[in-house]
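Novice: Build me a model from this:
(one chain, ligands or ions: 1)
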Amino acid sequence: MRVRLRNRFVVVCAAMALALASYAGKNALVRAGQAKLSAYGQIDRKRLLAADQHPEDWLTTGRDFGKGHYSPLAQVNRETVSRLGLAWDYHTHTDRGLEATPIVVDGVMYTSGVAGRVYALDGKTGKELWTFDPQNDLSVTRRSCCDEVNRGVAVWKGKVYTASLDGRLFALDAATGAVLWKVDTVVDHQRGYTSTGAPEIAGRVVAIGNGGAEYDARGYVSAYDLDTGKFAWRFFTVPGSASGPYENPELEVAAKTWDPKSRWDMGGGGTVWDGMVYDPELNLLYFGTGNGTFFDQSKRSPAGGDNLFIASILAINPDTGRLVWHYQEVPGEQWDYDVVQPLVLTDLKIGGSIRKVMMQASKDGFFYIFDRKTGQLLSAEKFVPVTWADHIDLKTGRPVEAANARDFRNSFNGKKYVEPSVMGGHNWHAMAWDAQRGLMYIPEIENGQTGIFSGKAILRAWDPIRSKHVWELEPTDWWDRAGVLATAGGLVFQGNGTGHFCAYDAATGKKLKDIDVGTTIMAAPMTYSVDGVQYVAVMAAWGGGGWSMAHPASAAYIYGNEGRLLVFKLDGGPTPKPEPLPPLGPIPQPPALTASPEAVNHGKDLFAANCSRCHTNDERSLALNLRRMPPEIHEAFQQVVLGGMLKNAGMPPWEGVLSPKEVADIHAYLISISWDAYKAQQAAKP
Ligand code: CA
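Specialist: Numbering: from 1, shown residues only. From the prediction side, this is the model:
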């Protein structure tokens, strides 16, 4: 009998059988002498394997161990969804991106927010039970490529696990949020490591990776004892040099696929920043690895080679940390084709027999199906336009690259862009697997032809057996590619950048419900039930890669970007929208420009290298348009940049990276462009 403890959110068990089960489970635990066991967050192996029998819970970021982002709940369905309204919302009081999918167990919701904050909420009312702020070393944001996001927590046997942006892993008491243990997972804080993915429970350990292959990180996954946080193992995905030491024995083989003269000082990349999944049936931990560093292989490993294990999928025995199988999707990768997109585990009938498979809609534009026990590649077909490779040869398992595809990263033959571009055909945003219909709903991107930060985002239903799309929505702009939820109610849910939360008919893609919430949505929705009522929840706020460059039509530009958790139910109420941002006032008169033209030019280069990733200086950029600095910021410029005076507003301290003279030159450049903008404004006045 499944152990299920009563708590105050399971107020009345309508079914007597369930009440008896709860009572028996509690007594069994008392008999076992586990009196201290928390009633919160009680997910274990047995319960995870029985997830389909208890659709009221959502036990992992993707609901079950296969992480298909599909729920058997059907109270909200094609007939009833028109009655969907707001049950409750919760404000995170942050203004950066939210990418996590919440977990719900026994009516309690656990989810993560900016930089690894954690929220525990009553799933029925939204009442806050506890929150946790990991108190990041904010200097880490100087080297985080893609905002301060976090893609979720793991919950297991009374503990909630979260990774902070600066790379610490925490185990929290699911009842109180108290820190039970914490470890620093970063091997070298001088390098560009950040942690944004959800930790993964794998047997007796919790595993976590990191990002940073856009800088100088050397990828690895670390694993720690679930109860104590004791270090268990670390698997480096790329060698640190041609001649060792090989921290894990697999690296000796991997090193032979790199030029001995590789730029080892750049770390090699292959970071595991998302997409880990554990298979309790086979006791295998799967994860994909990121791009190589540098992107350009001729700079990274001048003599070429496959550069294992970048852009690969690895299967690890979590008891030992040893590699069981691997498959490299993009040998010698050089187009920023990370392979960390979500991995979905399911059983699929292929060629007359049921296979245990793993599916991925990869950034490289191919939809892969593997036998997840052996790693055998069963299928690899293009789901978006792809020009870097003609096809994947199933016999050799290798892509057949297009001629000249390596000459350029983003342009192809000097005219055409390589497809997909660095944004990928599909990125971290969850896809949803509907086993009943045999359809994968994928938030796809087609953007190679027109370059980065342009192109189209399209939600499409993909049949992985026939390797074809069954339906698709109207394309929208590139940034509109939020995660997806599918349900047995015949519905597919997805939010969008303009702040609309929508439900579509899973069979046809017809829009059945559209709620204007006024907050940009990127994260995947999820669903659960409490006391017989089905809820649909989604986290909302713009961010991630290109976070400061929200689309001019986005809700973030119109209403600002305060984070919210939105939870809907049938016959709920209207969704309150944030107040629109006030119109921009006049550009204030900047201080006199006293620096030399040389200083201004030097400052311009420094700004481009250090500041421009966030400060695009567009009028409505989410990072302050520095042409609009008020006099008090000009006066305190050195303290703001070096001393971290505005670190709580998201501006990290640059002490030790930039000198006071360099900051003065950056300031001179900003005063210069502020005067240009100010003069243009004054000249335009009637
Ligand atoms: Ca990347």
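Novice: Relative to the ion, how far out is the residue with the largest distance to the centre of the chain?
Specialist: Distance from the C-alpha centroid of the chain peaks at Pro686, with 48.6 Å (C-alpha atoms, centre = their mean). Distance of Pro686 to the ion, given as C-beta to the ion, to the nearest Å: 49 Å. No exception for glycine: its C-beta is placed from N, CA and C like everyone else's.
Novice: same question, Gln135
Specialist: 27 Å.
Novice: For that residue, grab the count of nearby residues.
Specialist: 12 (other C-beta atoms under 10 Å).
Novice: same deal with the one 10 residues further on?
Specialist: Cys145 sits with 18 neighbouring residues when counted by other C-beta under 10 Å.
Novice: who's in contact with the residue lying closest to it once chain neighbours are set aside?
Specialist: Excluding its sequence neighbours, the residue lying closest to Cys145 (C-beta to C-beta, 6 or more residues apart in numbering) is Glu214, at 4.2 Å. By C-beta atoms under 8 Å, 6 or more residues apart in numbering, Glu214 lies in contact with 145, 192, 291, 293.
Novice: Using the three-state scheme, assign the single nearest residue of the stretch 1-150 of the chain relative to the ion.
Specialist: For the stretch 1-150 of the chain and the ion, the shortest gap (C-beta to the ion) falls at Cys145, measuring 7.4 Å. Of the three states, Cys145 takes coil under DSSP: H, G, I helix; E, B strand; the rest coil.
Novice: Same question for the one 4 residues further on.
Specialist: Reduced to three states with three-state DSSP, the structure at Val149 is coil.
Novice: Stretch 217-231 near the ion anywhere?
Specialist: No. Under the criterion of C-beta under 5 Å from the ion, the ion is not reached by stretch 217-231; the shortest gap measures 10.5 Å.
Novice: so how far is that stretch from its chain's centroid?
Specialist: 19 Å (C-alpha atoms, centre = their mean, to the nearest Å).
Novice: Return the set of buried residues in that stretch.
Specialist: Neighbour-count burial for stretch 217-231 flags 217-224, 226, 229 (criterion: 16 or more other C-beta atoms under 10 Å).
Novice: go on, stretch 390-398?
Specialist: In stretch 390-398, counting by 16+ other C-beta under 10 Å, buried: 392, 398.
Novice: Same question for stretch 502-521.
Specialist: Result for stretch 502-521 [16+ other C-beta under 10 Å]: buried residues 502-504, 506, 509, 512-513, 515, 517-521.
Novice: quick one on the thing from earlier: for the residue nearest to Cys145, give its distance to Gly192.
Specialist: 7 Å (C-beta to C-beta, to the nearest Å).
Novice: anything in contact with each of those two?
Specialist: Joint contacts of Glu214 and Gly192 (C-beta under 8 Å, 6+ apart) are Cys145.
Novice: Run a quick neighbour tally on the residue lying closest to Asp516 once chain neighbours are set aside.
Specialist: Once flanking residues are discounted, Asp516 sits nearest to His500: 5.5 Å by C-beta to C-beta, 6+ apart. Neighbours of His500 under the rule other C-beta under 10 Å: 20.
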